[in-house]
Each structure stands twice: as structure tokens, then as C-alpha cells.
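K.L.:
need a structure here:
(chains A, B, C and D)
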2 protein chains.
Amino acid sequence: MPVTIRDVARASGVHISTVSRTFSAPHLVNPETRVRVLACAEDLGYRPNRAARALITGRTHNIGLIIADIANPFFPPLIKAAESQARHRDYHVFVADTNEDAAAEEELVHALAKQVDGVLLCSPRMSNSLIEQLSREVPLVVVNRQLAGLPCVLMDVGQGARSAIEHLAGLGHREMALLGGPRGSWTSRELRRAASAAARAAGAELTVLGPNPPTETGGLAQAEQVRRAGVTAVLAYNDLMAIGLLEGLDALGVRVPQEVSVVGVDDISLSRLTRPKLTTVATPTAAAGRTAVDMLLQQDTDFPRTARGGGATVAVGVRRTTAQVMLQTELVIRDSTAPGPYAGRERPGTAAAGPGPHRRADPGNPVVAAGDVVAS
Amino acid sequence: MPVTIRDVARASGVHISTVSRTFSAPHLVNPETRVRVLACAEDLGYRPNRAARALITGRTHNIGLIIADIANPFFPPLIKAAESQARHRDYHVFVADTNEDAAAEEELVHALAKQVDGVLLCSPRMSNSLIEQLSREVPLVVVNRQLAGLPCVLMDVGQGARSAIEHLAGLGHREMALLGGPRGSWTSRELRRAASAAARAAGAELTVLGPNPPTETGGLAQAEQVRRAGVTAVLAYNDLMAIGLLEGLDALGVRVPQEVSVVGVDDISLSRLTRPKLTTVATPTAAAGRTAVDMLLQQDTDFPRTARGGGATVAVGVRRTTAQVMLQTELVIRDSTAPGPYAGRERPGTAAAGPGPHRRADPGNPVVAAGDVVAS
DNA sequence: GATCTCTCTGCAAACCTTTGCACTGAAGTA
DNA sequence: TACTTCAGTGCAAAGGTTTGCAGAGAGATC
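P.N.:
Here you go, the predicted structure:
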């Protein structure tokens, strides 16, 4: 019942190879023939069978997208952007959810490997060495994890943490807390490193609370600790946790931002809707999705996995690009931060004023803010 | 480089067909041989090539999921549940985002048709007749749209609207407004129909405002209208709009729920985080995803598209099940609704008390709450 | 008129797997 | 012993497409 290249060939009176070429190498076929073939194809409603095509070319024109938790509002914009970008390039995308489970991640990479030209690993939970190993089975691009020898797209949460801490210090906060993220998260480590350094530089003290699950509940559960720590400002691993903390502090009768300032990370759409509206470090999620897809596809065209002729299969060396892209983040100041106890007083070694409130600029199209390209 | 059935055959000293059978029909091969083959396969890291398998069996073991807007928080739980259920049954899922664009929907169904065993159409924007027509190209299950002759999974928003209106009437509201959804949405029509009837029955008056885009902005933009209409209670098409309305009313200095009560629909996770927390009609999104996948796969096993032998292709008749499943909704009462001006007074023809506040029960596993199965 | 060049088209193999059919040999039956 | 039955295996075709190679003309050049 499905109409094949063969039907089109019969209808237009040419050989199937000519029909094939009409679609995959139009310049090789006589314009007249071409229009005839195209007309017949249109008529019959012919659509090339990608499975068959994949069988011989070795390229499926599919990519896989492995996500820790689709329900986490951080991911949908990334998925959306990645899917859109992929489709733009005539690729379709498999989306798989691992429920934050490392074993599921591995299983999915295996399962998808034969069906895709590459896989995007978003905020993976598995070990570096396993990722390394899997990358020999299928081209991988890793998002939110730095891995020598593999293409990565990272968001500069370090810079974000610095901005946040400086903002808080500028407001006159000296006692701060960091709500850490899940164990083994690259982002969490990065955040902690940068926040500690920035706090030290600003003459502030930073208490680290965690690790915590990266959810609303995780934040809520730390409200008591935050109060007990006696800090006046908190930077949370992500907005979800910050929002949970907002809830928790409210329940304890602690007013935000009057008594405690709270800063999140991610700028999920929700953070504009809390009360008070959340000050947060915006991560370019959509840009990350687009960029990751671009890198995957680029890698794929540069170093195709196999090049097949009429039959001979030529294995290709393992050379590949391992560009690492760092995307900029930006502090978005809203209503959950306010002057602290030391407001107005001169801080040691710094001008008093913090950075002026900058509104967020939309990162727009595929933005590579700080491109650190390392060829291997 | 990739290891095929052929390599396994060579390694284990049997014919490729035996290897094939060890995987696809194990009972046909001698246990001894089987373990040997499996061992070799394991050793070599063999993974069946699904594209090749699809080519001959006609089943790809993939399904497509077409979504109006992944970034709309209504969808991620549905996607997550669908993906999980599909994978449970050894299917992978393509996810595609149409940006609320009907043309994109059609294009995607076409593009995916050859690559999947069926497609889930979620809250489609295209016309009934087009859906009808596309369903001849690839098995379809439609979510949130009722379509004679096609399998659908619906959420009983009518019942939800009734509950909401009765709840509001019970609280003593008589002047209410409905914020309508986008034009052409089945859910929106259903909501309007049921809400009007329920209001009439309760002796209340219902003003319909809209149609509106199903977003926060859409709700925000109607705040002024709501105030002008002089109503004391509002039912919104979805939570996003309700939240936008909350914002808008706040900006106008109208207090919720003291002056105006607001009810949403969907119970997205956000609605627990607004202030006041949103009273809303919970829709069983995850259950819908699971059920839709089940129906698609069921249909596919009942009436496979083609049954191929060693070569003969047998076209199968167009018979198919067209079960329509209606899933129950539930009113979740939180803090955005409060007694209205007629509280305590006897309403004509009804007992004064509204339905008691029932907390939401988690729908748990594949739940078909009210299964209205119509075989065609 | 012979030779060469060039464009277009056809031929056939190959991609990897499944599956109807046929074959083998051993066990069971008469 | 001669026959059937049956489990296990091999053979080969098929699925839809791509692509290196070769051939057929047409036109150009000498």
C-alpha cells in the first residue's frame, strides 16, 4: 500500500535510480526528467522511506535527546529549541526521560545508538568515564558537564554566581548561604567554587548548605537551616529550590526580601510569577539546545561515522572535534533581593555600589558567547 | 565497524537466520545454541538494527508525539508519562513541537508517518477533516479533541467546569465570568457549554470573555475586563491564564480571593506556588499520556498496517477500534476562592452548601476513570 | 568521418534483518 | 523395517533506497 520509489519510477517511465537521484542529487538529472518525476511523486504522494535510506547511507537523520526530568521546567525550553533547530536541518528528535537515573541514561544511549546520528546528553548523572565510553558507540554532545575530549556546551554559572554574590554584597549583605544542588552535578560544583571565591573577594562569609535534591521540596526543606544559620542572603542552586525556599521562609514568618534576600538560578518562566518576583541568574537554555544540536550535526558532517559506497564499507578514524562552548549567563534583578544590614557602609577594598540593575537581553539566535574551541 | 547479525553468526558458527531467531523467536532455537549465540552477541556487543528490522517487518517500534507547545507546562507531564509508557513497551518516541501552528502539525504528521507506527496528536489546532484525512496515512490517537470514528482520549472538563461553578455558587457568588480559551479548542467549547449550563442551574449569571490565547499574557490582558464586568468569581480556561489574571488583578489593586475568586483548569505544578494558591480543576494529564499510548499500541497490535511474509505484502482492511476514553477531572480547592456576596443566603432550588472541599487523589497508574468505549 | 567529451540514465550490488520453505536427522509408531 | 512426526537449522528472497560503474547518445573538435 505505501507508495515507493518504484511506483514513481513506473509512473514516470524512468529507472528507480533516476527517481532516487531526483531527490538525493537533483543536479545529476535532466531538468525535464526531474520535473516529470517530481510531478509523479507529488501525484502519488510519495515520501522517501527514511529507514531504508538509513540502512544504506548509515545516517538516520534522527538525533536523541536524553533528559534527566522533562517535568523540571528547566528542560522544556531546551527541548523546544533543540527540536526546532534539528527540524530546521531536517532532523527528527527522540526524547527520552531518565528520571534522574544514571542506569537509565546508559540503557537509553545504547537503545538509541543504532537509530540516531548522535545523542545530546543533558545534565547527565552518570560518571565521566561511562560517558567517555559511550561516546565511542555514538557521537555525543554533553550539556552542562565539562568533559575533556568531548564536545560540551556549558552555561557560565560561575560568572552568574559571581554576579549574584557581588549584587548581594553590593546591597550590603555579609552573611550569605549557598543552597547546593545534587551531588555529582557539574553545575553545582562550579557554582560553589565561584560563589566561594566571589564571597571571599567581597569580604563576605558563605555557608554552604547541601547537597540537596534540585526541587522545590529541596529548597523548602532548607528553610529552617537558613534561618538558623542567621544569614541575610541566599543563593540557590536553581529557581525551583529558591521558590521552595520562598515558601519555607514564608511559613516560618521570615519576610523576603526584607529579612532575607533570595537569588535563584535558571530564570524559569515561573520565577516571574512568584511573590516576590525572583531575582535570578538567567541561563540561556534555549541557546544551549540550539548550540548543542549545531555542534552535533557539525561533528556529524565533518566526520561521518561510515562512508559507504556500492558496498565497500570504509571505516573512518576516530578523529573528531571537541569544541567546548561556554554560554553567558546574566543576573536578572527582580524583587527578592533588597538592601542588607551593611547597606551604605564602605566595604573593604571595593567601591560601595554593586553593579547596576541590568535587565536581561534576550540572547537571540544561536549565540556562542565565549567560544573556547579546542581541536583535538 | 558496527557489529551485525552476520558477525554473531560467524562467531557462534550458525547461520544468520538462527541468530535472528534467537532474538525474535527464541522458542524456535535449541536452548544450547541459544545460549551460545547470546553469549557471542553479548561478547561482540551486538544490538539489532531497528531500521533494517523495520524495513522488513513494517513496524518501527517508534511513535510520534505532536505537541502544540512544549513550553506550556500542561504538556511536560503528558510527554513524560507517554514516553515512559512507550518505553515500557519497547517503543521510542519522537517529540515534535508545532508552535500552535496547524500547518506545522500536518507537515509533521507526514514527515513522521513513515518512521513511526502511530502518532499522538495532542490538543491539535487543525481541522477535524484534515485529521480524518491524515488518519488514513498513519494510525492516530487524538488527545483533547472529540472526533467521531477516531480513537480519542478526553478529559472531562465539562464535569470540572460544573464542579467549579457549583463550588463558586455554593460560596455565594452569582456574577461570574469565564475566560475562554483559543478559538477552535475542543476543551474551550466544552468548558463553555458546561459552565453556562451549570451557572444557569445554580441561578448565577455567566459572562464569557474571549477567545484568548491560552497563556499568562492572555489572562493578564483580561484583568481590566474582569473588573469592569463587576463579577465576583472567574473561571479561566487554564491555570496559566488564571495566574496571569492573578497578576493583572493584583496590579489593579483587586484582592484575590477577598474581592474576586479565581479558578483555573489543569493543576499545573505552578498553581501550588502562586499567592494565593490557585483553586483549580485538576486534569489527569499523565494518565492521558499513558492511556493514549496504550490505545495507540493496542490498535496497532489489533490491526497491524501490513503483514509481510517472505515477500508477499498483504494489505489489511481499514477496520479499526475507535474507543473514546473520558478521564475524570477533579476540583482542587486552594486559596484563590472565598465566600462571595451571597454567602449564607439560600439559593433558589438548591441546598445552600456547595460540595465539600475534597482534596485531590492522585490518579495513580493507568487510570481510565469513566471509560466510554464505542466500537465502530 | 573518426575521436573525444560530456550529460544523462540504467544496472546491480549492498545495507541488515525477517521469514516461508525445504532439508536433516532423530525419535516415535505400526 | 518402513513409515511418520517433529525439532532444529539453513537457504534465499524480500523490504526501499543509494551509488559506483558502464553505456548511450549528442555535440564538439580535428
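K.L.:
ranges for the strands of the stretch 151-300 of chain A?
P.N.:
Taking DSSP state E, counting those that start in this stretch as the criterion, the stretch 151-300 of chain A contains strands spanning A:152-155, A:175-179, A:205-209, A:233-236, A:261-266, A:279-282.
K.L.:
and the fifth one with strand A:175-179, angle?
P.N.:
An angle of 30 degrees separates the directions of strand A:261-266 and strand A:175-179 when computed by axes from the mean of the first three to the mean of the last three C-alpha atoms, to 10 degrees.
K.L.:
packing partners for strand A:261-266?
P.N.:
Packed against strand A:261-266, as judged by 3 or more C-beta pairs under 8 Å, 6 or more residues apart in numbering or on different chains; DSSP states H and E, are the following elements: helix A:157-170, strand A:233-236, helix A:239-252, strand A:279-282. To be clear about C-beta, it is placed using only N, CA and C from the backbone, and glycine gets the same treatment.
K.L.:
among these, which comes closest to residue B:195?
P.N.:
Counting by C-beta to C-beta, residue B:195 lies closest to helix A:239-252 out of the helices and strands packed on strand A:261-266; the figure is 31.2 Å.
K.L.:
picking that back up, how about the helices and strands packed on strand A:261-266 in TSV, adding distance to residue B:108?
P.N.:
As requested, these are arranged in TSV below (distance: least, C-beta to C-beta, whole Å):
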stretch	distance to residue B:108
helix A:157-170	34
strand A:233-236	38
helix A:239-252	31
strand A:279-282	30
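K.L.:
among these, show me which one is buried the most.
P.N.:
Greatest average neighbour count among the helices and strands packed on strand A:261-266 goes to strand A:233-236 (a mean of 31), per mean count of other C-beta atoms under 10 Å in any protein chain shown.
K.L.:
how about that strand against chain B, any contact?
P.N.:
No - contact between strand A:233-236 and chain B is absent, the nearest approach being 14.4 Å (criterion: C-beta under 8 Å from any C-beta of the partner chain).
K.L.:
likewise stretch A:79-96?
P.N.:
Yes - in this structure, stretch A:79-96 sits against chain B according to C-beta under 8 Å from any C-beta; the contacting residues are A:79, A:80, A:83, A:84, A:87, A:92, A:93, A:94, A:95, A:96.
K.L.:
show me which of those residues is closest to DNA strand D.
P.N.:
Within the set of the residues of stretch A:79-96 next to chain B, residue A:92 lies nearest DNA strand D; the separation is 15.7 Å, counting by C-beta to the nearest atom of the strand.
K.L.:
check contacts around the closest one.
P.N.:
Listed by C-beta atoms under 8 Å, 6 or more residues apart in numbering or on different chains, the contact partners of residue A:92 are A:61, A:62, A:63, A:86, B:94, B:96, B:111, B:112, B:115.
K.L.:
please apply the same query to residue A:49.
P.N.:
With contact set as C-beta under 8 Å, 6+ apart, residue A:49 has these partners: A:2, A:4, B:55, B:114.
K.L.:
recalculate using a threshold of 6 Å.
P.N.:
By C-beta atoms under 6 Å, 6 or more residues apart in numbering or on different chains, the contact set of residue A:49 is residue B:114.
K.L.:
so which of the contacts of residue A:92 are in strands?
P.N.:
By the criterion of DSSP state E, membership of these in strands covers A:62, A:63, B:94, B:96.
K.L.:
give me the number of residues near the second one?
P.N.:
Looking back up the chat, that one is residue A:63. When counting by other C-beta atoms under 10 Å in any protein chain shown, one arrives at 29 neighbours for residue A:63.
K.L.:
residue A:188 contacts residue A:181, correct?
P.N.:
Yes - distance between residue A:188 and residue A:181: 3.4 Å, which falls inside the contact criterion (C-beta atoms under 6 Å).
K.L.:
just to revisit the earlier point, save the helices and strands packed on strand A:261-266 as JSON lines, and put in mean pLDDT and distance to residue A:270 too.
P.N.:
Listed next are the helices and strands packed on strand A:261-266 as JSON lines, based on pLDDT from 0 to 100; distance: least, C-beta to C-beta, whole Å:
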{"stretch": "helix A:157-170", "mean pLDDT": "98", "distance to residue A:270": "18"}
{"stretch": "strand A:233-236", "mean pLDDT": "98", "distance to residue A:270": "13"}
{"stretch": "helix A:239-252", "mean pLDDT": "95", "distance to residue A:270": "7"}
{"stretch": "strand A:279-282", "mean pLDDT": "98", "distance to residue A:270": "10"}
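K.L.:
still on that earlier bit, and of the strands of the stretch 151-300 of chain A, who's closest to residue B:27?
P.N.:
Of all the strands of the stretch 151-300 of chain A, strand A:152-155 comes closest under C-beta to C-beta, at 46.4 Å.
K.L.:
could you give the mean pLDDT of that closest one?
P.N.:
Across strand A:152-155, the average pLDDT comes to 96.
K.L.:
what distance do you get for residue A:243 to residue B:275?
P.N.:
Look at residue A:243 and residue B:275: by C-beta to C-beta, to the nearest Å, they are 11 Å apart.
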